[in-house]
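> A structural model of the following input is requested.
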Amino acid sequence: MEWIADHLSILMFLALTVVMFVGYPVAFVLGGVALGFAVLGMYFDLFRAAQLGSLIPRIWGQAVQNQVLIAVPMFVFMGTILEKSGVADELLRALQVLTRRIPGGLALSVTIMGAIMAATTGIVGASVIMLTLIALPTMLARGYSKELSVGTIASAGTLGILIPPSIMLVIIGDIMTLSVGTLFTAAVLPGLLLAGVYLVYICIFAAFNPSKAPPLEAHEGPQTAGELASMVLRSFLPPAFLIMVVLGSIFGGFATPTEAGGTGCAGALLLAAWNRRLNMKMMREVIEGAALTNGLVFFIIFGATLFSFVFRALGGDDLVAELLTAAGIDTGWEILIFVMVLVFFMGFFFDFLEICLIVLPIFAPILKGIEFTPHIAENKDFMVWFVILIAVNLQSAFLTPPFGFALFYMKATVPPEVTLAHIYRGIVPFVLLQVVTLAMCILWPEIVLVLPRYFGFLS
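You can find the predicted model right below:
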């Protein structure tokens, strides 16, 4: 019994891992496990019932009254409008025409489309479903291999978790008490780098396997320069306008991310009206979808707040530090690599939100006191670099089986001839490319830090 009392926080973490596989909603699992171990803590005299009284003001202050988290429903609402407005359909058609003579052009256009939509929505589920419905039938009809098609769509759809305005970065910024504007600026180059690595891989694959990624016929699409110019302007101006409104206002210092989210919602409504899709039926679908997504996110935040509070009250922070020391993991680089490997493998089983809300509060205080100069010019910039490394790493959480959410979104919308085996085989090279990009950001931290310094977010 004494051993159980000494290791109650570790048992709490293991219990969470086991119960996650039962299939109950994550928010209730986090809260339920926390309450169960709070009762055990009272039994072993490690936790007092009065401590639970501080949870309501903690949840109220961290989520309900939090001005930063207001950006989450704003960006969700904006992304849902864009999904319904038809902007994506026209943009993908234009990209397909522009890349029609390049081997792998369709796959390249899907990746570029994913990067552009990531900069306007930040919602992975909407992007993956939208790209699957729009692009997959065309890719299969043109003779593209099933594996390349689904791998490209899944990886492009998940760019929204990294490229601003990313909902994940808003939540992490709140957890780590970091400026969301700084994180948005720091994530731009890693996000574009990841998209660029995907493009290079597709070009090489298509060059060596032209039969699996054939170019489109040259006669398809507009035949005159005027028609082409008209199509490009009609397709590219709306998302470019929205990117300028949202990201330009943040990087230029004119608006906070929360204010930019509200402006982005207004811009998305204007685009829907421009495309003549703004009506009561669409608004009803948008409001319902946005409300359900926001409810899910905030319920998970409530549950994770309770879990983190009880875990730390039971001595979890100290026990983790002792375990790392006992395992011989005591230098800054060893702990950093350990956290990266842990996050990568947790991505096989957990969603990004659970990983952020469980791992970051445990390891961030340990890493915050470690010196990483001269690899990083100034150690005060370490937490920004560390958070973006986590964000790059968490790309894999959407793609790795068995619980990659992007794979579930895709399986629900692909035609019957595309099996789960095709999807799993298709995402393997893209997960490896994510690991390569993560390694590049670790080796060259200026990829992450150069833009925040240029725009004055880091002095």
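> separation between residue 33 and residue 17?
The span separating residue 33 from residue 17 equals 10 Å under the rule C-beta to C-beta, to the nearest Å. C-betas here are computed from N, CA, C, even on glycine.
> I misspoke; the intended subject was residue 449.
When C-beta to C-beta is applied, the distance between residue 449 and residue 17 equals 34 Å.
> More neighbours: these two, which one.
When residue 449 and residue 17 are compared on other C-beta atoms under 10 Å, the one with more neighbours turns out to be residue 449, at 24 against 13.
> Find the nearest non-adjacent residue to that one, please.
Closest residue in space to residue 449, ignoring its immediate chain neighbours: residue 381 at 5.6 Å, by C-beta to C-beta, 6 or more residues apart in numbering.
> In contact with that neighbour, which residues?
Residues in contact with residue 381 (C-beta atoms under 8 Å, 6 or more residues apart in numbering) are 449, 452, 458.
> Hmm, residue 383 and the first one touching each other?
No - using C-beta atoms under 8 Å, residue 449 is not in contact with residue 383, being 11.3 Å away.
> From the chain's centre, how far out is the helix or strand encompassing residue 243? Work that out for me.
In the assignment (DSSP states H and E), residue 243 maps to helix 225-243. Averaging C-alpha coordinates over helix 225-243 and over its chain gives two centres that are 27 Å apart (C-alpha atoms, centre = their mean, to the nearest Å).
> quick one: contacts of that helix?
Counting by C-beta under 8 Å, 6+ apart, helix 225-243 makes contact with 78, 82, 87, 90-91, 93-95, 97-98, 116-117, 119-120, 221-222, 264, 267-268, 271, 274-275, all of which sit outside it.
> coming back round to it: in a markdown table: the contacts of residue 381, plus distance to residue 313, secondary structure and pLDDT.
Formatted as a markdown table, the contacts of residue 381 follow (distance: C-beta to C-beta, whole Å; DSSP: H, G, I helix; E, B strand; the rest coil; pLDDT from 0 to 100):
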| residue | distance to residue 313 | secondary structure | pLDDT |
| --- | --- | --- | --- |
| 449 | 35 | helix | 91 |
| 452 | 35 | helix | 90 |
| 458 | 34 | coil | 79 |
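> JSON lines for those, including distance to residue 51?
Formatted as JSON lines, the contacts of residue 381 follow (distance: C-beta to C-beta, whole Å):
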{"residue": "449", "distance to residue 51": "39"}
{"residue": "452", "distance to residue 51": "38"}
{"residue": "458", "distance to residue 51": "37"}
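> Average pLDDT for the lengthiest helix in the chain, rounded please.
Longest among the helix segments of the chain by residue count, using DSSP state H, is helix 280-313. Model confidence over helix 280-313, given as mean pLDDT, is 78.
> So for it, what gets flagged as buried?
For helix 280-313, burial by neighbour count (16 or more other C-beta atoms under 10 Å) applies to 286, 289-290, 293-294, 297-311, 313.
> can you check stretch 410-420 too?
For stretch 410-420, the neighbour count (16+ other C-beta under 10 Å) marks 410, 414, 418 as buried.
> Save these as JSON lines, and put in distance to residue 431 and secondary structure too.
Listed next are the buried residues of stretch 410-420 as JSON lines, based on distance: C-beta to C-beta, whole Å; DSSP: H, G, I helix; E, B strand; the rest coil:
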{"residue": "410", "distance to residue 431": "14", "secondary structure": "helix"}
{"residue": "414", "distance to residue 431": "19", "secondary structure": "coil"}
{"residue": "418", "distance to residue 431": "19", "secondary structure": "coil"}
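> right, and out of those residues, which lies closest to residue 136?
Proximity of the buried residues of stretch 410-420 to residue 136, judged by C-beta to C-beta, is greatest for residue 414, which lies at 6.3 Å.
> so who does the closest one touch?
Remark: with contacts taken as C-beta under 8 Å, 6+ apart, residue 414 is in contact with 132, 136, 150, 423.
> and it, backbone torsions?
With angles defined as degrees, to the nearest 10, residue 414 shows backbone torsions of phi -80, psi 160.
> And it, how far from residue 110?
If you go by C-beta to C-beta, the gap between residue 414 and residue 110 works out to 14 Å.
> Quickly note the distance from the one residue sitting closest to the centre of the chain to residue 390.
Note on the chain: the residue nearest the mean C-alpha position is residue 161, at 2.1 Å, using C-alpha atoms, centre = their mean. For residue 161, the distance to residue 390 equals 11 Å [C-beta to C-beta].
> And for residue 229, the neighbour number?
Applying other C-beta under 10 Å, I find that residue 229 has 11 neighbouring residues.
> Next: the one 5 residues further on.
Neighbour count for residue 234, taken as other C-beta under 10 Å: 14.
> Tell me how far residue 135 lies from residue 407.
With distances taken as C-beta to C-beta, residue 135 is found 16 Å from residue 407.
> Tell me who's in contact with the closest residue to the residue nearest to the centre of the chain other than its chain neighbours.
Spatial nearest neighbour of residue 161, chain neighbours left out: residue 168 (5.1 Å); criterion: C-beta to C-beta, 6+ apart. For residue 168, the set of contacting residues under the criterion of C-beta under 8 Å, 6+ apart consists of 161, 162, 352, 353, 356, 391, 394.
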